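> sequence plus predicted model, see below.
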Amino acid sequence: MLLRLIFILLMLAPTTMVGAVEIVVSEQSGALTQALNNAKAGDIIRLQPGSYKGPIVINKAIILDGGGKAAIVGNEIGSVISVTVPNVTVRGLTITGSGSKGNGRDAGVFLGKKAENAVVSDNKILGNLVGVDVRGSKNALVTRNIIQGRQDHRMNDRGNGVYMWNAPGAKVIKNDFRWGRDGIFVNTSKNNEFSNNRFRDLRFAVHYMYANNSVVSGNISLGNHLGYAIMYSDDVRIEGNYSKGDRNHGIMMNYTNRTLVLNNHIEQVGDKCVFIYNAHRNSFKGNLFSGCGIGIHFTAGSERNDFISNAFVGNRTQVKYVGTRWIDWSVDGHGNYWSDHAAYDLDGNGIADTAYRPNDIMDHVLWTQPAAKFLLGSPAIQLIRWSQSAFPALLPGGVIDQAPMMHPLLPQPPSWEEF
């Protein structure tokens, strides 16, 4: 009976674990190639400290472990490590030496269409055209890697830290991105998660196109050209991210619908904290927009967007919207906090007793006729602004907050722990 039970358990065990062994590979020339050829599904190949020649192809479901002290160096042609089968793990390696052409497909690690459930973790992926290329594989995990791109090309000619195409279920979590072009570039995917990453010295931290039902959360963008660009995508959750010192926009939403923008901390952006272009039915809740040239600029017919419990603090222009229709930025008697609103609260309910209007006629004139700024100090301009404050009916259409908050609710930016 016992022998029968053992036989049944062996038959039910995953085939990748039956007979799996650990293969220790030295730095000797050709040893890694031989180990890859001899390995079987489920084996662990452990590299001793040293440098190993690439490129290599992994076509068996193995774990390749460098222990944090082994490097694989490509010959500057194609990708350094290519994975062509499911259930492969690449970890603990320094990976350098990809090609610099390949129509943007030369990568430190290339995950092909059949590389489902791949794990790329705890690596230093340095100076490659693309860091990790997830090309059609499902449920990939890229985590705890240091990914530094090229610096010797113009920024637009460099590759991305992680490039992802048609990779449903893929996750990019807790990586440190620097240099190259975009930190994460996603094209035509769904059900993805991009969380707790750090991005520096890039064009876009996250560049998102045709990618639905996904999460962008807890990321840190510092000093990039643009923080989070969400384009042509629906049902995205943008939550708890940080953008500081980015040059153009903290968040840009272009043709993005039904997205929740929640508890993000955007500050000291040179141009606009948020730019919304032709984006509809999105909800902005609990965000801080601070110290930017413009807090929010929305245009091109962006409609039915809700703004609740956000804090607009110290922006040169809080809102830029050119239109003739009034848009109320309060819901069920609850609006947003505005640092330049001279408000009072006689009943002590935390809601100001007067509405807030961020723009007046002169704002509209200046947006359409910038040369008019030379007249800002004139008595005529001051008279027009006084008249509008005394007689609100003179104001043009635009944003109005009927229930502005007396005190801000400030989201805390995510912290970063080196790994």
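Received, thanks.
> stretch 164-175: end-to-end distance?
End-to-end distance of stretch 164-175 (C-alpha to C-alpha, to the nearest Å): 15 Å.
> quick one: that stretch to chain centroid distance?
What separates the centre of stretch 164-175 from the centre of its chain is 11 Å, taken as C-alpha atoms, centre = their mean, to the nearest Å.
> OK, contacts around Gly291?
Taking C-beta atoms under 8 Å, 6 or more residues apart in numbering, we find Gly291 in contact with Glu267, Gln268, Val269, Val313, Gly314, Asn315. (C-beta placed from N, C-alpha, C; glycine too.)
> Lys320 versus that one, what's the distance?
16 Å (C-beta to C-beta, to the nearest Å).
> one step back: and the contacts of Gly291, which are buried?
Neighbour-count burial within the contacts of Gly291 applies to Glu267, Val269, Val313, Asn315; the criterion is 16 or more other C-beta atoms under 10 Å.
> picking up where we left off before, make TSV out of the contacts of Gly291 and add secondary structure and pLDDT.
Shown next, in TSV, are the contacts of Gly291 (DSSP: H, G, I helix; E, B strand; the rest coil; pLDDT from 0 to 100):
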residue	secondary structure	pLDDT
Glu267	strand	97
Gln268	coil	96
Val269	coil	96
Val313	strand	97
Gly314	coil	95
Asn315	coil	96
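> so which of those residues comes closest to Gly54?
Of all these, Val269 has the smallest distance to Gly54: 39.9 Å, by C-beta to C-beta.
> thought that closest one was touching Gly245?
Yes - if you go by C-beta atoms under 8 Å, Val269 and Gly245 touch, sitting 7.3 Å apart.
> low pLDDT regions in this structure?
1-19, 102-104, 300, 322-324, 359-397 (pLDDT under 70).
> quick one, helices of this structure?
Along the chain, counting by DSSP state H, helices occupy 2-12, 31-38, 361-368, 379-390.
> list the buried residues of stretch 65-76.
Asp65, Gly66, Ala70, Ala71, Ile72, Gly74, Glu76.
> now stretch 399-411
Buried positions in stretch 399-411, judged by neighbour count with 16+ other C-beta under 10 Å: Val399, Ile400, Asp401, Gln402, Ala403, Pro404, Met405, Pro408, Pro411.
> measure that stretch end to end?
23 Å.
> excluding sequence neighbours, find me the nearest residue to Val83.
Ala115 (4.3 Å; C-beta to C-beta, 6 or more residues apart in numbering).
> Glu27 too?
Gly50 (3.2 Å).
> over to Ile296?
If the residues on either side of it in the chain are set aside, Ile296 comes closest to Val274, at 4.6 Å by C-beta to C-beta, 6+ apart.
> tell me the one of the buried residues of stretch 399-411 nearest Arg178?
Pro411 (25.0 Å).
> look up how far Phe289 lies from that closest one.
From Pro411 to Phe289 the distance is 11 Å (C-beta to C-beta).
> take the buried residues of stretch 399-411 and write them to a markdown table, including distance to Ala167.
Output for the buried residues of stretch 399-411, formatted as a markdown table (distance: C-beta to C-beta, whole Å):
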| residue | distance to Ala167 |
| --- | --- |
| Val399 | 38 |
| Ile400 | 43 |
| Asp401 | 41 |
| Gln402 | 44 |
| Ala403 | 43 |
| Pro404 | 43 |
| Met405 | 41 |
| Pro408 | 38 |
| Pro411 | 30 |
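> centre of the chain to stretch 86-104, how far?
Distance of stretch 86-104 from its chain centroid, counting by C-alpha atoms, centre = their mean, is 21 Å.
> from now on call the first residue 717
I'll keep to 717 as the first residue from here, and by that count the last item is stretch 802-820.
> surely Asp917 and Asn940 touch.
Yes - using C-beta under 8 Å, Asp917 is in contact with Asn940, at 7.0 Å.
> and these two? which has more neighbours close in?
Asn940 (25 against 17; other C-beta atoms under 10 Å).
> I figured that one hits Val922, correct?
No - in this structure, Asn940 is not within contact of Val922 by C-beta under 8 Å, at 9.7 Å.
> between those two, what contacts are shared?
Joint contacts of Asn940 and Val922 (C-beta under 8 Å, 6+ apart) are Gly899, Phe915.
> got the contact list for Val850?
Contacts of Val850 by C-beta under 8 Å, 6+ apart are Leu827, Ala834, Ala856, Val858, Val878, Tyr879, Met880, Trp881, Ala883, Ala886.
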